[in-house]
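**Q** Just the structure for this:
(2 chains)
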Number of protein chains: 2
Amino acid sequence: MSNPKVKAAVKLRESKHRRATGRFLIESPRDYLRVREIGLCVPQLFLHGPFLNDDERIEFYHERGVWHHAQDVREVTEPVLRKLAYRENPTGLVAVVEQPNWSLEAIEWRDDSLVLVAQGLAKPGNLGAMARTAAAAGCAAMIVVDAVVDPFNPNAIRASTGAVFSLPIVCADSDDCLAVLEREKVKPFAAALREGAVDHSEANYCGRVAMIIGAEDRGLDETWLAYCEKLGQVVRIPMVEGAVDSLNASVAAGVLLFEVNRQRSASC
Amino acid sequence: MSNPKVKAAVKLRESKHRRATGRFLIESPRDYLRVREIGLCVPQLFLHGPFLNDDERIEFYHERGVWHHAQDVREVTEPVLRKLAYRENPTGLVAVVEQPNWSLEAIEWRDDSLVLVAQGLAKPGNLGAMARTAAAAGCAAMIVVDAVVDPFNPNAIRASTGAVFSLPIVCADSDDCLAVLEREKVKPFAAALREGAVDHSEANYCGRVAMIIGAEDRGLDETWLAYCEKLGQVVRIPMVEGAVDSLNASVAAGVLLFEVNRQRSASC
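**A** Alright, predicted model coming up:
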């Protein structure tokens, strides 16, 4: 199969091509409907009719020329579909989608904005689960700092149950992120099990808050810890001694973000 | 390779053989050290020297006849190691371990015991992450009800970071679990987004508590919801409307268990 559009799409399975083009792939009818509802641009839609059910066939083929005039819809054979799809059991739909164009500067700060900062994440599933949690907790944005993974990795999309489409997720390096947090007077809270950390339920989360979670294995960088000690607080989730070394990063994010919300609804 | 011990071990990659024999496989030196520390019985240890580093070679070969006399240690070739190991990049060690023998009747109930009940789980990663969270939160046990997965699935072990070795994890059917909770006067709390549910931070978690979390997609069974409405409470984690449909099961477990602990340290 030498079709250049298929070739270009297959490349989007790799992170570097997603970054270079600002595009990504989705491969489930459910994600396609979400993406369309949000209004993300879908320049290319590949369909394999025999793998779709009747409703899906009507739904998706009807798109041709109706929903989005710039959209190119084409029928592909099963081998081409399998080349495009990441899953072992493809659904009959693969779409090329334009990434939403979020930036640090575009975050809308209110007096009580809450953002989640994830530093150094290496697992797409964790990134996705954290995005899902941040969206549920009403975060204004998730800032992904120094990450090896990108939010549009297929496993991140899946774990996020679509949150990566709608939640503003900004990829940034530490310096830029720190500069914006400082300029916008966002109080930083680092989650870490270190001496001097206060219990997560005893910190004061009024005002603009950034909850900062470190990488799965290594924890948070020293730069970030020092920044939080200076301008905010280092907090710890009280755990039973000796049971496990740490919590899963997305579980820790959930415990902390919902504690912020609990406190605020009680007292801020 | 027709060695019957290798054959028997390879079978443990399947859930039904783990259930039938009460044994499971581990395949990392780290897990092996944990298992040994806890004192689980290791009837069989397979090593492939060239894949171990010097420290590991000294550590593990030295086991022969020293640590556990019943233990059978044998050197295997790389092809046999690959057959035994679940990972693509095996570590040089695969061990057959006896499952800890937990049962509903053996749970030690104190006045303020907290247990996590997970109903209908289908994803081993979620089971493992929930075990890790339950251990960190000091749960007396995790009860896995009507599960398709078992706690000694390799992905469950990995996600638990070893918690499945030490936390009492009991697999049971709903009726038996309900009977024990009722007999032991454990107040049941179901996590569900349904009408009449109270905010998770407004429930009263004093006394013996069971936090009950439903399956990833389907949520909690009606039987369990009815039981909680009658003898306990249905609680909800307040989420932003329209953002996502639900939280990840292990994130929800984390938010709820640490809210129980927070409340108790503040007021019980």
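
**Q** Kindly report the domain assignment for chain A.
**A** Chain A is divided into the following domains under automatic domain parsing: A:4-98, A:104-267.

**Q** Of those, flag the one that's most buried.
**A** Across the domains of chain A, the average number of neighbours (mean count of other Cβ atoms under 10 Å in any protein chain shown) peaks for domain A:104-267, which reaches a mean of 20. Yep, even glycine has a C-beta here, placed from its N, CA and C like the rest.

**Q** With respect to residue B:84, which of the domains of chain A lies nearest?
**A** Closest of the domains of chain A to residue B:84 is domain A:4-98, at 23.9 Å (criterion: Cβ to Cβ).

**Q** Could you work out the end-to-end span of the closest one for me?
**A** Criterion Cα to Cα, to the nearest Å; first-to-last residue distance in domain A:4-98 is 18 Å.

**Q** Make JSON lines out of the domains of chain A and add distance to chain B and mean pLDDT.
**A** Formatted as JSON lines, the domains of chain A follow (distance: least, Cβ to the nearest Cβ, whole Å; pLDDT from 0 to 100):
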{"stretch": "domain A:4-98", "distance to chain B": "10", "mean pLDDT": "86"}
{"stretch": "domain A:104-267", "distance to chain B": "4", "mean pLDDT": "93"}
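
**Q** Dump those into a markdown table; add distance to residue B:5 as well.
**A** Output for the domains of chain A, formatted as a markdown table (distance: least, Cβ to Cβ, whole Å):
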| stretch | distance to residue B:5 |
| --- | --- |
| domain A:4-98 | 32 |
| domain A:104-267 | 32 |
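
**Q** quick one: residue A:148 and residue A:121 touch, right?
**A** Yes. The pair residue A:148 and residue A:121 passes the contact test of Cβ atoms under 8 Å, sitting 7.1 Å apart.

**Q** List the contacts of the helix or strand residue A:60 falls within.
**A** Following DSSP states H and E, the helix or strand that holds residue A:60 is helix A:54-61. Applying Cβ atoms under 8 Å, 6 or more residues apart in numbering or on different chains, the external contacts of helix A:54-61 come out as A:29, A:32, A:45, A:47, A:49, A:52, A:73, A:92-93.

**Q** Of the residues you listed, which belong to helices?
**A** A:29, A:32 (DSSP state H).

**Q** and which of the contacts of helix A:54-61 is nearest residue A:174?
**A** Residue A:174 lies nearest to residue A:32 out of these, by Cβ to Cβ, at 34.9 Å.

**Q** if I look at that closest one, how far off is residue A:5?
**A** Residue A:32 is 17 Å from residue A:5, where distance means Cβ to Cβ, to the nearest Å.

**Q** which ones are touching the residue nearest to residue A:138 when sequence neighbours are not counted?
**A** In this structure, residue A:138 finds its nearest non-sequential neighbour in residue B:240, 3.9 Å apart by Cβ to Cβ, 6 or more residues apart in numbering or on different chains. Counting by Cβ under 8 Å, 6+ apart, residue B:240 makes contact with A:135-138.

**Q** Please, where are all the strands along chain A?
**A** Along chain A, counting by DSSP state E, strands occupy A:23-26, A:44-47, A:72-75, A:93-98, A:114-119, A:141-145, A:169-172, A:187-191, A:198-199, A:209-213, A:233-236.

**Q** These into a markdown table, with extra columns for distance to residue B:15?
**A** Output for the strands of chain A, formatted as a markdown table (distance: least, Cβ to Cβ, whole Å):
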| stretch | distance to residue B:15 |
| --- | --- |
| strand A:23-26 | 32 |
| strand A:44-47 | 36 |
| strand A:72-75 | 40 |
| strand A:93-98 | 32 |
| strand A:114-119 | 33 |
| strand A:141-145 | 36 |
| strand A:169-172 | 36 |
| strand A:187-191 | 35 |
| strand A:198-199 | 39 |
| strand A:209-213 | 33 |
| strand A:233-236 | 37 |
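
**Q** I'd say residue A:178 and residue A:226 touch.
**A** No. Assessed by Cβ under 8 Å, residue A:178 is found out of contact with residue A:226, at 10.4 Å.

**Q** Who are the contact partners of residue A:252?
**A** A:191, A:213, A:237, A:246, B:254 are the contacts of residue A:252 under Cβ under 8 Å, 6+ apart.

**Q** what bridges to the second one?
**A** Which is residue A:213. On the basis of DSSP bridges, residue A:213 is bridged to residue A:118.

**Q** Assess the claim that it and residue A:253 are in contact.
**A** Yes. In this structure residue A:213 lies within contact range of residue A:253 using Cβ under 8 Å: 5.2 Å.

**Q** and for those two, which residues touch both?
**A** Residues touching both residue A:213 and residue A:253 (Cβ under 8 Å, 6+ apart) are A:116, A:118, A:130, A:191.

**Q** Pull the most distant pair out of those.
**A** The distance between the two most remote of those (Cβ to Cβ) is 11.9 Å, for A:130 and A:191.

**Q** anything in contact with each of these two?
**A** Taking Cβ under 8 Å, 6+ apart as the criterion, residue A:130 and residue A:191 both touch A:213, A:253.

**Q** Nothing else from me, thank you.
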